[in-house]
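> Sequence and predicted structure below; questions after.
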Amino acid sequence: MKLKLKNYKAALVTLVAIAVLALSLAFTVWRLLNVEQDLRREDTHTNLWQISQTQFEAAVLAESLARAAMGETFLDPEQAPSFRLAILISRLSVLLEGPQGHVIDRIGALSGLKQTYLQLTYAEPLLENGIDPQNAQLLRVQVRDLAYQLRGIANKVMLLNRDETAAKRSMYLRYVFESFAFIIGIAMSAAFLVVRLFKGMQEASQAKQLLKQEQELSDLVINNISNQGIVMFDGQLRCLLWNPGMEDLLSLKSDQAIGQQIQDLDPIFAQEDVIGSLVRATEGTSSIFENEATSSDGQERCLEVNCFPVYMAERKLGIAFMRDVTEQWLARKQAERQNFDLEIKVLQRTAALRQAERRLIAAINSASEGFAAFDWTGKLLFANEQIWAAAPVSLWCHEEMSLSNFLRCFAMCEGADMRLVNAQPPFEEVEFDLLVKKDTWARLSLTKADGATIFVRLTDITGYKQVARALESALDRERETTNAYRNFVSMVSHQFRTPLAILDSSAQRILRRGSELTNDELVTRIQKIRNAGTRLTRLVESVLNAAKLDAGTIEVNPASYNLVDLVMDICERQREVSSQADIRFDVPDVPVRVYCDGMLIEQVVVNLLSNAIKYSGDTPVVEIKIWMDGSRAFCSVRDWGIGIPADELPKIFDRFYRARTASGIAGTGIGLNFAQRIMHLHGGEIQVESYEAAGSLFTFDLPIANADQTQQAA
């Protein structure tokens, strides 16, 4: 371990020396390149030349403008002010836009020079068209100031270049010292590397000597290993080493094996997969395999062969270690057989358990009831589809299904209490009948099967609730019917008593007075007897018809009728009974053929017409209207009598019900109920519109008879 650490430190120091050498060389070259580029950028003379040329052109232009101010004529165009101004402007442009502009900007004279350049540019058109002496004199003064300005700029640039040259000399001197220091570093690194090279050569010689000793030791060890065979071979699979262990395993001497092809030594090495492993070992890939065979005495034997690559003297070799693992192999085979038998049993029992589990889950899923299982903390273990489909669960608990959340989902249902809201471990057993949604009831029960499992059962009891409600409703209806029949009997007895009293008093009057009665009085008494008899007949017919409807024995015999004629005949008969009534008609001129039972429809019309007359006072006015719309015929009976209160309109077709506005007027309360039920038998319905003290409008409809029904009736 100490040797490895020492070698590691030596290698690290060598790498550091090489890195120092490389960095020193790189930095020295980089400094030299910087100096070369800086020298290449030296352009001090160029800057001064450009400034002096511009100053010269300004002086020449000033002289030309002075001559122009004196009125002198220029024979040579190049001496004219316009030409000299163009030359000056171009010089200024080069001076401002080139690298000299950066130098002038550094001394703070660039803005003034640009302003002068702009003024000269504006003056150029004046010189082209000819300039007067006064303007020439003014422009000359400006150009002369420019020449003075350029002279000052040249002086400042010279001073700036002198300062920069001094700074560069200092920098170059520093570069020289730095380069000298790095050259010393290069020399020291190179010396250190040379020392390391000689020392490495000595270590290599010592390592070679040590390797030779180790090889001799390894040969000694290999030849003395008796419980494991070792064979070494080259890339052509020639045997190079055959130790005594191989002699014992394969009964082959080393002098017979060394130098021979290894696949010719024993059938084990002649197999294709074994040859492939040996070749891969010489190529640098390790492998291990077992060879099962039968020995010469007929016993089963298993040999384990490990192949490894070996590099010696720059040669790729291979080495194989062989040992007898028959006992382990036989024990492993026996263990594998036992494990196989055990796995078969485990698989069989697992399959049986899974089959039982599938049957149980299938039974739970196919059940009509919801079923779920939770552990003692409320974590969901299983839930069938009926649980997930329950209205509160599908809305609120589908993402997080714990027992607490599950019970809280049902806390808002009718029939729940705070036990569902406050449910926390340990959960108590509960049972509720809940209205989970409209007209849907469910029984929620929570039971504990053992100390760790909680079962929840959700049973649909809507049918039971409906039956219970139906029984309660039937019982209520029975009570109402009993009370209604009791009231009806009391009322009918009163109604029967009135016409019977009229019959009795009229008969007694006729008996007492006898022949003393005049003909008119006799007719009046007989008419009262007839009216009372008619009233009794109607009461009896109403009771009988209601009984037939209740028993379901009333017969409907539909045929084709002219609704206009049917209603007109009824009205004529009603006029005989109620001569004071004013019955008005609004009917079509053509027949209105309907398909109905004429006898039953006649009772409907009589009931509506008699009610309209009865509840309209002493001078009743009744309007009857008949019309057709599509496949239906309609008939309405309208009066302007006492009307029906708005809050009682939904109840007027109930049996024995009479509006409070009908108090004091004779009636049984079964006429409208009977008429409505007759219309239901015909597939129609009586509609009513009424306002208290403003009259009522009753309308019923019948199907129009087709041609076949009309012909059949004829």
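Perfect, thanks for sending it.
> Run through the helices of the stretch 501-650 of the chain in chain order.
519-551, 563-577, 598-614 (DSSP state H, counting those that start in this stretch).
> and the second one, what other elements does it pack with?
Packed against helix 563-577 by the contact rule (3 or more C-beta pairs under 8 Å, 6 or more residues apart in numbering; DSSP states H and E) you find strand 582-586, helix 598-614, strand 621-629, strand 632-639. Quick note: C-beta positions are derived from backbone N, CA and C, even for glycine.
> Could you export those to CSV, including columns for mean pLDDT, distance to Ala373 and mean neighbour count?
As requested, these are exported to CSV (pLDDT from 0 to 100; distance: least, C-beta to C-beta, whole Å; neighbours: other C-beta atoms under 10 Å):
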stretch, mean pLDDT, distance to Ala373, mean neighbour count
strand 582-586, 87, 75, 14
helix 598-614, 84, 63, 21
strand 621-629, 91, 63, 17
strand 632-639, 93, 61, 21
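> Now distance to Val13 too, for these, in a markdown table please.
What follows is those, written out as a markdown table (distance: least, C-beta to C-beta, whole Å):
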| stretch | distance to Val13 |
| --- | --- |
| strand 582-586 | 129 |
| helix 598-614 | 125 |
| strand 621-629 | 116 |
| strand 632-639 | 116 |
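> Out of those, which is closest to Gln508?
helix 598-614 (27.8 Å; C-beta to C-beta).
> Report the buried residues of stretch 681-689.
Neighbour counts using 16 or more other C-beta atoms under 10 Å place His682, Gly684, Ile686, Val688 of stretch 681-689 among the buried residues.
> go on, stretch 557-574?
Neighbour count says stretch 557-574 has Pro558, Ser560, Tyr561, Asn562, Leu563, Val564, Leu566, Val567, Ile570, Cys571, Gln574 buried, by 16+ other C-beta under 10 Å.
> now do stretch 187-206
Ser189, Phe192, Arg196.
> try stretch 393-404
Val393, Cys397, Met401, Leu403, Ser404.
> before we move on, what about stretch 410-423?
Phe410, Ala411, Cys413, Ala416, Leu420, Ala423.
> Just confirm Leu240 contacts Asp234, I think it does.
Yes - counting by C-beta atoms under 8 Å, Leu240 sits close enough to Asp234 to count as a contact (6.1 Å).
> what would the buried residues of stretch 681-689 look like in JSON lines with distance to Arg359, secondary structure and pLDDT?
Converted to JSON lines, the buried residues of stretch 681-689 look like this (distance: C-beta to C-beta, whole Å; DSSP: H, G, I helix; E, B strand; the rest coil; pLDDT from 0 to 100):
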{"residue": "His682", "distance to Arg359": "58", "secondary structure": "coil", "pLDDT": "86"}
{"residue": "Gly684", "distance to Arg359": "58", "secondary structure": "coil", "pLDDT": "89"}
{"residue": "Ile686", "distance to Arg359": "61", "secondary structure": "coil", "pLDDT": "91"}
{"residue": "Val688", "distance to Arg359": "63", "secondary structure": "strand", "pLDDT": "91"}
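> Closest to Pro133 out of the residues you listed?
Distances from Pro133 to the buried residues of stretch 681-689, taken by C-beta to C-beta, are shortest for Val688, at 123.3 Å.
> OK, contacts around the closest residue to Ile153 other than its chain neighbours?
Distance criterion C-beta to C-beta, 6 or more residues apart in numbering; nearest residue to Ile153, sequence neighbours excluded, is Ala109 at 5.2 Å. Applying C-beta atoms under 8 Å, 6 or more residues apart in numbering to Ala109 gives the contacts Gln149, Gly152, Ile153, Lys156.
> Just say helix, strand or coil for the nearest residue to Gln271 once chain neighbours are set aside.
In this structure, Gln271 finds its nearest non-sequential neighbour in Asn291, 7.7 Å apart by C-beta to C-beta, 6+ apart. Secondary structure assignment for Asn291 (DSSP: H, G, I helix; E, B strand; the rest coil): strand.
> before we move on, what about the one 10 residues further on?
Using three-state DSSP as the criterion, the local structure at Arg301 reads strand.
> Bridged to it, which residues?
Beta-bridge partners recorded for Arg301 (DSSP bridges): Ala293.
> Pretty sure it sits against Thr294.
Yes - taking contacts as C-beta under 8 Å, Arg301 lies within contact range of Thr294: 6.9 Å.
> Same drill for those two, tell me which one is more crowded.
Arg301 (17 against 9; other C-beta atoms under 10 Å).
> Using CSV, list the CA coordinates for stretch 336-354.
Output of stretch 336-354 as CSV, limited to C-alpha atoms (Å, rounded to 0.1, in the frame of the first residue of the first chain):
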residue,chain,number,x,y,z
GLU,A,336,-32.6,-27.7,-7.8
ARG,A,337,-34.9,-30.7,-8.0
GLN,A,338,-36.1,-30.0,-4.5
ASN,A,339,-36.6,-26.3,-5.3
PHE,A,340,-38.4,-27.3,-8.5
ASP,A,341,-40.8,-29.5,-6.6
LEU,A,342,-41.3,-26.8,-4.0
GLU,A,343,-41.9,-24.2,-6.7
ILE,A,344,-44.5,-26.5,-8.3
LYS,A,345,-46.3,-26.8,-5.0
VAL,A,346,-46.1,-23.1,-4.4
LEU,A,347,-47.4,-22.4,-7.9
GLN,A,348,-50.2,-24.9,-7.4
ARG,A,349,-51.2,-23.4,-4.1
THR,A,350,-50.8,-19.8,-5.5
ALA,A,351,-53.0,-20.7,-8.4
ALA,A,352,-55.6,-22.2,-6.1
LEU,A,353,-55.6,-19.1,-4.0
ARG,A,354,-55.7,-16.8,-7.0
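> Alright, I will stop here.
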